[in-house]
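> build me a model:
(one chain, ligands or ions: 2)
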Amino acid sequence: MPKSSNTQPRYKRVLLKLSGEALVGDHGFGIDPKVLDRMALDIGSLIGIGVQVGLVIGGGNLFRGAALNAAGMDRVTGDHMGMLATVMNGLAMRDALERSNIRTRVMSAIPMSGIVEHYDRRRAVRDLKDGDVVIFCAGTGNPFFTTDSAACLRGIEIEADAVLKATKVDGVYSADPYKDPTAEKYEHLTYDEVLDKKLGVMDLTAICLARDHGMPLRVFDMNRPGALTRIVTGESEGTLIE
Ligand SMILES: Nc1ncnc2c1ncn2[C@@H]1O[C@H](COP(=O)(O)OP(=O)(O)OP(=O)(O)O)[C@@H](O)[C@H]1O
Ligand SMILES: O=c1ccn([C@@H]2O[C@H](COP(=O)(O)O)[C@@H](O)[C@H]2O)c(=O)[nH]1
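Ligands and ions are numbered 1, 2, ... in the order given. As a prediction, this is how the structure comes out:
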């Protein structure tokens, strides 16, 4: 088990959404084990201060349904492939967490007997209370959604204090900072501001779901050392949407 510390967390239970695309790291495609190990270390720090951690991992490092569809594939088939990609990422993340001695459960929205458990909310909450990390795979289990929506959905279901979106950018900007170098970063936004300004860092279904259930969202750079711990201990990091 990770070492415990005296730091008082601001959040007792969080739903952490990890970018699938960022798992590529130095590799051109797939999963860079170095990124997984770094994330396992960060998650271990949270467990060490008593924070319960649910995880949703994207699939953009492997497949996205919309991209497959643009290349000619049936959209639903592409989305099924995207959801399966999130299961592969979940298995890889469990492996890294368990190598760091962090007990981990993987639950899939799509039954996959013999590989991972089927999603069960009550069981997930029990596991979280026991200090296990619970990885929620296969998104919502339905096509035409994204893992951002799945993160908000699971976060609301498990009554997380916040959904933390760990991604490649250090917050929400007035425009995509990769495309517009003059874009300015926001420290704080309301859900309606994100919707009205059509800020593309998270899909709008996810924002609506979070707004309708009063779930705070924080977008931050997963590559900044210590960012996760700073967030759960109440320091300012990334952009808060509430
Ligand atoms: N207004 C904006 N502010 C910040 N980032 C933005 C904005 N608009 C678009 N983006 C883009 O959104 C990306 C993050 O969202 P995206 O859903 O693509 O990735 P992810 O969730 O990190 O990956 P995955 O889908 O693989 O999990 C950023 O890398 C950035 O390029
Ligand atoms: O509920 C869901 C979640 C995801 N998908 C498909 O998986 C890929 C990968 O997820 P990202 O959020 O893009 O990382 C997504 O593009 C969809 O194709 C889904 O169908 N339903």
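> let's verify residue 142: helix, strand, or coil?
coil (DSSP: H, G, I helix; E, B strand; the rest coil).
> next one: residue 83
helix.
> distance check, the closest residue in space to residue 131 that isn't next to it in sequence against ligand 2.
Once flanking residues are discounted, residue 131 sits nearest to residue 47: 6.4 Å by Cβ to Cβ, 6 or more residues apart in numbering. Placement of C-beta: from N, CA and C, glycine included. Going from residue 47 to ligand 2 by Cβ to the nearest ligand atom, to the nearest Å gives 24 Å.
> now the stretch of helix or strand residue 41 belongs to - C-alpha only, CSV.
Element membership of residue 41, judged by DSSP states H and E, is helix 33-48. C-alpha atoms of helix 33-48 as CSV (Å, rounded to 0.1, in the frame of the first residue of the first chain):
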residue,chain,number,x,y,z
PRO,A,33,4.4,2.2,-20.0
LYS,A,34,6.3,5.3,-18.6
VAL,A,35,3.1,7.3,-18.7
LEU,A,36,1.2,4.6,-16.9
ASP,A,37,3.9,4.3,-14.2
ARG,A,38,3.9,8.1,-13.7
MET,A,39,0.1,8.1,-13.4
ALA,A,40,0.2,5.1,-11.0
LEU,A,41,2.6,7.1,-8.8
ASP,A,42,0.2,10.2,-8.8
ILE,A,43,-2.8,8.0,-8.0
GLY,A,44,-0.9,6.3,-5.2
SER,A,45,-0.3,9.7,-3.7
LEU,A,46,-4.0,10.3,-3.5
ILE,A,47,-4.7,6.9,-2.0
GLY,A,48,-2.0,7.7,0.5
